[in-house]
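# Next input, structure requested:
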Amino acid sequence: MKNFNLFSIMVLFLLCVVTIQGQNYRTHQLRSDTYSREHLQQQKIHSNYHFTNLHSSNFTTANPEYLKWIWDTIITFDTIGLRQRITRTDDANCNELIELTEQESSKNSWQNVSKYVFYYNVKGNVDSLYENIWHNNAWIIGGKQTRTYDLTGNMLTRMNQFLNSDSGKIVNDSKEIYTYDVLTGSKVTLTNQRWKKNGWNNSSQDTCTYQNGNISTDTWRTWNGYQWVDSIRSTYSYNVGKIQNINNDYWRNGSWHVSGRASYNYTYTPGILIVLYEKWSNNSWINDHQQTFTYDSNSNLITEVTQPFPALWNNFYTYSYDANGNSITGKYEIGDSVNWHPYIGTPDIYSQKAEVYKLPDIYRYEARWLLKTCYPFGLSNLNVSNRKLSVFPNPASETITVETPIFSSGKETNVSIYNLFGQQFGQQLLDKTTSVVELRNLPKGLYILKVSCGDIMECVKFVKE
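Predicted structure coming up:
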């Protein structure tokens, strides 16, 4: 039913992921400001969707134990009532270790389908994960993903490998390479590569620019065998920090041509956002489709309706929540605003207004949540102060003051400064809880200040002007 034209795909595809980190999907309230469903469908065509897009939690050693809502069990349904069950196993840090998917074979009887096993590095980022497939009453490895990160937890590379059915071996498939702005940490480029002829070959590249902390342009290029060639571009405009318009162009015959635009209407009615998508045709703007988002009094997304022009049918997502802001049901339907019919879509799972999970190719789901006590990664057996490391001013020019709760007169307490590539620029001993660190000889840029005392470590970013 979703036969969008090129413009529609461009508008929805190029809503850039501003920062890709080794942590949960970013917190947001406006569904259309993040991954579009068409974007997800594009990714599914080229790779295992679930395998590519799982992210890990990234906790810092400066935080004490805390409580966190985590989904425990998800039951999904297709349009004829067949069910699957997804369950997870976590460690003491609330990091997911195993995610098991089962298919209902008879009433209340479940059969294994697939399993994801996660491994973490010392900082709590997913280092690798394995996709296991249930085959002939045994688990076999169907794929593997490995990741690398910089010192701040930004993902640098993500490589996918899959089982070759002919050779029975795990082989290279695709790789993503990320770069970031050294001052802000925002994603600058994402380069996609495919494994061909025993080597990595460029495929496509996404480049983002920023202004006043907001994404300004998002340009997609393809590799023609020897250089990058412009393909499609989105330009963003804002009003008081909110997106107002996204203008889209396509590259042809050496120049950019107008394709379409998206206009955001933050209505005076509380809890409603309307996004109008138009295409450029015969030197005029023509309505293409419209999305309407409604929210409850707690700003939880409850409905998302997509209506094309002319209005022959609508897409309709509906969500409900528990008292703690966790989505417990979600479903996808199509219809004419009067008669709605179950259909296969991609409902999301939300917790405290953050999108935490995507469920492709289902009609509806029911989710159960548990409140768990979590510990910062690797500190489940350590005593950590309830105070956090503090540095000021930030940005700084000549000196920076460091306040740390882990200072101990009986133990050596060190402060070190690193750039984002891990190069150390200085180290000194702290002789009291509040100390001043000299920065005059430090080049301008974004840095990591690390304080360590015994087996406890704290890190914080700062900017040298």
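# For stretch 224-235, what is the distance to the chain centroid?
Mean-position distance between stretch 224-235 and its chain equals 24 Å (CA atoms, centre = their mean, to the nearest Å).
# which of the residues in it are buried?
For stretch 224-235, burial by neighbour count (16 or more other CB atoms under 10 Å) applies to 230-235. In short, each C-beta sits where N, CA and C put it, glycine included.
# so where's the stretch 51-200 of the chain uncertain?
For the stretch 51-200 of the chain, applying pLDDT under 70 flags the ranges 51-66.
# I meant the stretch 301-450 of the chain, not that one.
The stretch 301-450 of the chain contains residues with pLDDT under 70 at 337, 373, 375-388, 405-411, 420-423.
# Strands of that one, start to end?
Under the criterion DSSP state E, counting those that start in this stretch, the stretch 301-450 of the chain contains strands at 301-308, 314-321, 327-335, 340-342, 348-351, 354-358, 364-374, 390-392, 399-403, 413-419, 424-429, 434-438, 445-453.
# Walk me through which strands the first one pairs with, and which way each runs.
When sheet partners are counted by DSSP bridges, strand 301-308 sits next to strand 284-295 (antiparallel), strand 314-321 (antiparallel).
# Name the stretch among the ones you listed that sits most buried.
Greatest average neighbour count among these goes to strand 314-321 (a mean of 19), per mean count of other CB atoms under 10 Å.
# Might one say that residue 443 is in contact with residue 426?
No - Residue 443 lies out of contact with residue 426 (CB atoms under 8 Å); the separation is 11.8 Å.
# Just want to know which of those two has more residues nearby.
Legend: neighbour count by other CB atoms under 10 Å for residue 443 and residue 426, higher for residue 426 (15 against 9).
# who touches the residue lying closest to that one once chain neighbours are set aside in this structure?
The shortest distance from residue 426 to any non-neighbouring residue, by CB to CB, 6 or more residues apart in numbering, is to residue 417 (5.0 Å). Counting by CB atoms under 8 Å, 6 or more residues apart in numbering, residue 417 touches 424-427, 437, 442, 447-450.
# Max pairwise distance over the residues you listed: which two?
Using CB to CB, those span at most 14.6 Å, a distance reached by 442 and 450.
# could you pull out the helices for the chain?
For the chain, the helices defined by DSSP state H cover 6-13, 37-46, 49-53.
# Can you flag the weakest of those helices by average pLDDT?
Note on the helices of the chain: lowest mean pLDDT is at helix 37-46, with a mean of 29.
# what bridges to the residue nearest to residue 426?
residue 426, residue 449.
# do you know how far it is from residue 328?
46 Å (CB to CB, to the nearest Å).
# quick one: the closest residue to residue 256 other than its chain neighbours and residue 114, what's the gap?
Counting by CB to CB, 6+ apart, residue 256 lies nearest to residue 249, which is 4.2 Å off, once chain neighbours are set aside. Residue 249 is 40 Å from residue 114, where distance means CB to CB.
# And the strands in the stretch 101-250 of the chain, which stretches?
Under the criterion DSSP E, counting those that start in this stretch, the stretch 101-250 of the chain contains strands at 109-120, 126-135, 138-149, 155-163, 170-180, 187-196, 199-211, 214-223, 228-239, 242-252.
# Would you format these as TSV with distance to residue 398 included?
Shown next, in TSV, are the strands of the stretch 101-250 of the chain (distance: least, CB to CB, whole Å):
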stretch	distance to residue 398
strand 109-120	39
strand 126-135	39
strand 138-149	31
strand 155-163	32
strand 170-180	26
strand 187-196	29
strand 199-211	27
strand 214-223	30
strand 228-239	34
strand 242-252	36
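# out of these, nearest to residue 276?
Evaluated with CB to CB, those place strand 242-252 nearest to residue 276, the distance being 10.0 Å.
# Give me the buried positions along the closest one.
Neighbour counts over strand 242-252 (16+ other CB under 10 Å) mark 243, 246-251 as buried.
# By pLDDT, rank those and give me the bottom one.
Least confident by pLDDT among the buried residues of strand 242-252: that is residue 243, with 91.
# Residue 216 is in contact with that residue, correct?
No - counting by CB under 8 Å, residue 243 does not reach residue 216; the two are 11.4 Å apart.
# quick one: contacts for residue 98?
Residue 98 touches 88-89, 115-118, counting by CB under 8 Å, 6+ apart.
# related to what we said a few turns ago, by neighbour count, sort out the buried ones in the contacts of residue 417.
425, 437, 442, 447-450.
# Same list, those, but as CSV with distance to residue 110 please.
Output for the buried ones among the contacts of residue 417, formatted as CSV (distance: CB to CB, whole Å):
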residue, distance to residue 110
425, 55
437, 57
442, 58
447, 50
448, 46
449, 49
450, 46
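# Relative to residue 104, which of those is nearest.
Taking CB to CB as the measure, residue 448 is the one of those closest to residue 104, at 48.3 Å.
# leaving aside the residues next to it on the chain, what's closest to that closest one?
Nearest non-adjacent residue to residue 448, counting by CB to CB, 6+ apart: residue 418, 4.7 Å away.
# again with residue 263
Closest to residue 263 by CB to CB, 6+ apart is residue 276, at 4.8 Å.
# Tell me what the one you found is bridged to.
Beta bridges link residue 276 to residue 263, residue 290, judged by DSSP bridges.
# count of residues packed around it?
So residue 276, with other CB under 10 Å, has 17 neighbours.
# cool, and residue 204?
For residue 204, the neighbour count with other CB under 10 Å is 15.
# That one pairs with what?
Beta-bridge partners, per DSSP bridges, of residue 204: residue 192, residue 222.
# Quick check: the gap between residue 138 and residue 110.
Relative to residue 110, and taking CB to CB, residue 138 is found at 17 Å.
# Tell me which of these two has more neighbours.
residue 110 (16 against 9).
# which non-adjacent residue is nearest the more buried one?
Closest to residue 110 by CB to CB, 6+ apart is residue 102, at 3.9 Å.
# Distance of residue 148 relative to residue 403?
From residue 148 to residue 403 the distance is 32 Å (CB to CB).
# just residue 312 next, same as before
Following CB to CB, the distance that separates residue 312 from residue 403 is 62 Å.
# okay, these two: which has more neighbours?
The residue with more neighbours, out of residue 312 and residue 403, is residue 403; 16 against 9, by other CB under 10 Å.
# ok now do that one, which residues does it touch?
Residue 403 touches 389-392, 433-434, counting by CB under 8 Å, 6+ apart.
# From residue 258, how far out is residue 281?
With distances taken as CB to CB, residue 281 is found 10 Å from residue 258.
# Please give the number of neighbouring residues around residue 370.
By other CB under 10 Å, the residues close to residue 370 number 12.
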